[in-house]
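# Next input, structure requested:
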Amino acid sequence: MLLMELEGKPDLEEAFSRVEAWFNHEKLDRPLVRFSEHNAEFASSRPLDGYNWPDLKARWFDAEFQVDQFMESIRGRTFHGETFPMFFPNLGPNVYAAFHGLELEFGGVTSWIRHVVRDWDDLNRLKFSWEKRILSRLGESDSGGAGEMLRQVLGGVHGLARQS
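Sure thing, here's the model as predicted:
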C-alpha cells in the first residue's frame, strides 16, 4: 500500500491496513478506534490572518479559507488509533431546508433558517432546486435529513401539525 507521510500519524500505513481489513470483514485483534473533538475546527487558538469578508455567509463560502482553517486546525496534532484528519465542508444542520428555497442565516459556528411556513399553503413555496447556490457548495454537511428539514421548516408554526 502506497500512502503519503502524515505528520502526527507515524503508523498511518498500519492504521489504513486495519481499516481496510475491517471493511473486508476480516477478524481484528481489537475494534477500530477513532477520536474526535466536537467542533475541533472552531477551537483553534491560532486565528488566521489575511482574511476579511463582508458578512459571515461569505466566510462560510470561502473555500480557500475553509481549507486553510482545516490545515491550521491539524497542525501539530497527533492522531491516535485509526484517527485521520478529515476535512468536513459543513454548511450546518439546515442545509436540506436551503435546498428547498429557505435562506440560511450563518453564525460563527452554525447556521439556521428563518421559519417561513405559517400555514399549510406556505408549503407550496418549497421546491427542491439543483440550481441553488447552496447545493453547489455542499460537501458532507451536517445534515439531519428530511426529518430535520421538516422540523426546521415547521418549527416556528404553532399548531400546524394539528390542522387538517
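
# ok, and the helix or strand in this structure with the lowest average confidence?
helix 133-136 (a mean of 53; mean pLDDT, DSSP states H and E).

# Please list all residues in contact with E103.
With contact taken as CB atoms under 8 Å, 6 or more residues apart in numbering, E103 is in contact with 113-114. The way it works is simple: take the backbone N, C-alpha and C, and place the C-beta from them, glycine included.

# Please, which helix or strand holds A98?
Assigned by DSSP states H and E, A98 belongs to helix 95-99.

# which helices and strands sit right next to that helix?
If contacts are counted by 3 or more CB pairs under 8 Å, 6 or more residues apart in numbering; DSSP states H and E, helix 95-99 sits against strand 104-106, strand 111-113, helix 133-136, helix 145-154.

# Which positions in stretch 57-67 come out as buried?
Using 16 or more other CB atoms under 10 Å as the test for burial, stretch 57-67 gives 59-61, 65-66.

# and A15, how many neighbours?
22 (other CB atoms under 10 Å).

# you'd agree L28 is in a strand?
No - counting by DSSP: H, G, I helix; E, B strand; the rest coil, L28 is not part of a strand but coil.

# What separation is there between H80 and L32?
12 Å (CB to CB, to the nearest Å).

# shared neighbours, those two?
With CB under 8 Å, 6+ apart, H80 and L32 have no common neighbours.

# what does the domain assignment say about the protein?
12-74, 95-158 (automatic domain parsing).

# Look up the pLDDT of A58 for me, please.
A58 is assigned a pLDDT of 90 by the prediction.

# Distance of it relative to D122?
A58 is 29 Å from D122, by CB to CB.

# What segments of this protein are helices?
12-23, 56-60, 63-74, 95-99, 133-136, 145-154 (DSSP state H).

# Show the average pLDDT along the last one.
The predicted model gives helix 145-154 an average pLDDT of 56.

# How many residues are close by the residue nearest to R77 when sequence neighbours are not counted?
Nearest non-adjacent residue to R77, counting by CB to CB, 6 or more residues apart in numbering: G8, 5.2 Å away. Neighbourhood size, G8 [other CB under 10 Å]: 15.
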